[in-house]
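Asks: The following block contains a protein sequence and its predicted model.
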Amino acid sequence: MVNCKITVVLIRKNLIVQIKQIPYNKSFKSKNAIKYIEKAIANEHISGNGPFAKKCHSYFNKYFSLKTLLTTSATSALEMTAILANIKPGDEVIMPAFTFVSTANAFLRRGAKIVFADVDYSFPNIDSSKIEELVTPKTKAIVPVHYAGVACDMNAIVNVADRNNIIVIEDAAQALLSYYKGKPLGSIGRFGVLSFHETKNITSGEGGLLVVRNEKDFKRAEILWEKGTNRSSFHRGEVSKYEWLDIGSSFLLSEINAALLYSQIEEIANIQKKRVKIWYKYFDKLKDLQDRGEVLLPKIPEYSTVNGHLFFMLCKSKKERDALINYLNKKGVQAVFHYLPLHTSPFFAEKHDGRDLKNTVIFSERIIRLPLFANLKEQEQNYIINTIKSFF
């Protein structure tokens, strides 16, 4: 990301208002964050699964109506799903090529063959109509990624999975408080994964969440979570000692991070209200550019909600996208792009089967993401919108 030191000057009704560079992202500062972190330290329990972690679990268990486990990151939660799904060398896992590397790494580390699918032409979520043709007898899992918190076509994906006895693992890293036909994203597949990285709607700095649909999976997940032991059962008084029962790792989120996360959960309604309002203002104010054929705005399927995670546009070409990003950066606005297609990456290109994933390439080359965070000021957003319009 560009980190230029620029002061934006707005002239309004003979008043000069100075604004520092507008960043792409700024984490929300919850009012009780320091207080709760200090309390966690005072409690003398700063490792995982302490009082604040239990408060967070209580919130998420109720929200999903399922059992959940806080993890050190969404990446580690994905790694847990790969173990829980018993992914073995030679198993195939289908996922979009337009995603972050963590989605693929979690399954590659178990020896799986990654089969990248293209995204839909209208939105960069996996093209559900093209999944079944990728299924083979070796296909073990499908991993839909809910890009920007917008739902994939989960009915279509689950139907393919059910017909072929395949596990669905939702990468809902960006999708907290977004829904598919009224169901929380992350609660529809056998497993779901969310992220609380500092770029997400609520944050613990680094952190994630594993959502588990059935009790048998959860019992094993809790053992993996505790380094392969039944330590959680021991602390609940269910066993007289804890033992090594399975593989596992140190997946628990620290109590300090959980304290920060809980302070954000307390203000989540306010955070969401602000982010969604900003998202819709971008959409409404930039619609005239789409009407003129200058850009394409996100096309939200009727079955999905918007959670205000990120706002993007598509330019007509990579050259124009790069020029717009440079123009905005020079004007003090930090706009960015992602992802580079995983199927053509230096690490994976030789492993790819050669299929042309043209929509993935189009989104990668033309997408631009605009600043969006809860405390983005109205005058800052107006400046961003007007600067974009001045470019065109």
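Replies: Yes, it's here. Residues are numbered from 1 along each chain as shown.
Asks: Relative to the whole chain's centre, how far out is the host helix or strand of K62?
Replies: Using DSSP states H and E, K62 sits in helix 51-64. The chain centre lies 19 Å from the centre of helix 51-64; the measure is C-alpha atoms, centre = their mean, to the nearest Å.
Asks: would you list every one of the strands in the stretch 201-350 of the chain?
Replies: Using DSSP state E, counting those that start in this stretch, the strands of the stretch 201-350 of the chain run over 208-212, 311-314.
Asks: so S263 sits right up against E38, yeah?
Replies: No - judged on C-beta atoms under 8 Å, S263 makes no contact with E38 at a distance of 11.3 Å. Backbone N, C-alpha and C define where each C-beta goes, glycine included.
Asks: Looking at these two, which is more packed in?
Replies: Counted by other C-beta atoms under 10 Å, S263 and E38 do not tie: S263 has more neighbours, with 22 against 12.
Asks: ok so, going back, which of the strands of the stretch 201-350 of the chain sits closest to L185?
Replies: strand 208-212 (9.6 Å; C-beta to C-beta).
Asks: Starting from that closest one, tell me which strands it pairs with and how they run.
Replies: strand 67-71 (antiparallel), strand 191-195 (antiparallel) (DSSP bridges).
Asks: Figure out which of the strands of the stretch 201-350 of the chain is closest to V119.
Replies: Here strand 311-314 is closest among the strands of the stretch 201-350 of the chain (C-beta to C-beta), at 12.2 Å.
Asks: wait, what's in contact with F116?
Replies: 94-97, 342-343, 352, 355, 357, 360 (C-beta atoms under 8 Å, 6 or more residues apart in numbering).
Asks: Next: I83.
Replies: 110, 224, 247-248.
Asks: and S232, how many neighbours does it have?
Replies: 19.
Asks: show me the contacts for it.
Replies: Neighbouring residues of S232 by C-beta under 8 Å, 6+ apart: 49, 222-223, 225-226.
Asks: what do you get for R163?
Replies: Neighbouring residues of R163 by C-beta under 8 Å, 6+ apart: E132.
Asks: Kindly recompute the last result at 6 Å.
Replies: For R163, the contact set (C-beta atoms under 6 Å, 6 or more residues apart in numbering) is empty.
Asks: where along this protein do the helices fall?
Replies: Assigned by DSSP state H, the chain shows helices spanning 33-42, 51-64, 74-84, 101-108, 154-164, 215-225, 231-235, 255-265, 268-291, 318-330, 358-366, 378-391.
Asks: how about the nearest residue in space to S178 that is not next to it in sequence, what does it touch?
Replies: Once flanking residues are discounted, S178 sits nearest to N307: 3.8 Å by C-beta to C-beta, 6 or more residues apart in numbering. Going by C-beta under 6 Å, 6+ apart, N307 touches 149, 177-178.
Asks: Mind pulling the model confidence for N307?
Replies: At N307, the pLDDT value in this model is 98.
Asks: cool, N3 as well?
Replies: Confidence score, pLDDT, at N3: 44.
Asks: can you check S30 too?
Replies: We have a pLDDT of 97 for S30.
Asks: cool, the one 3 residues further on as well?
Replies: The confidence metric pLDDT takes the value 98 at A33.
Asks: before we move on, what about E132?
Replies: On the pLDDT scale, E132 is placed at 97.
Asks: what's near enough to touch it?
Replies: Contacts for E132 (C-beta under 6 Å, 6+ apart) come out as V160.
Asks: try 8 Å this time
Replies: With C-beta under 8 Å, 6+ apart, E132 has these contacts: 160, 163-164.
Asks: before we move on, what about K62?
Replies: Contacts of K62 (C-beta under 8 Å, 6+ apart): none.
Asks: From S187, how far out is it?
Replies: As judged by C-beta to C-beta, to the nearest Å, K62 and S187 stand 12 Å apart.
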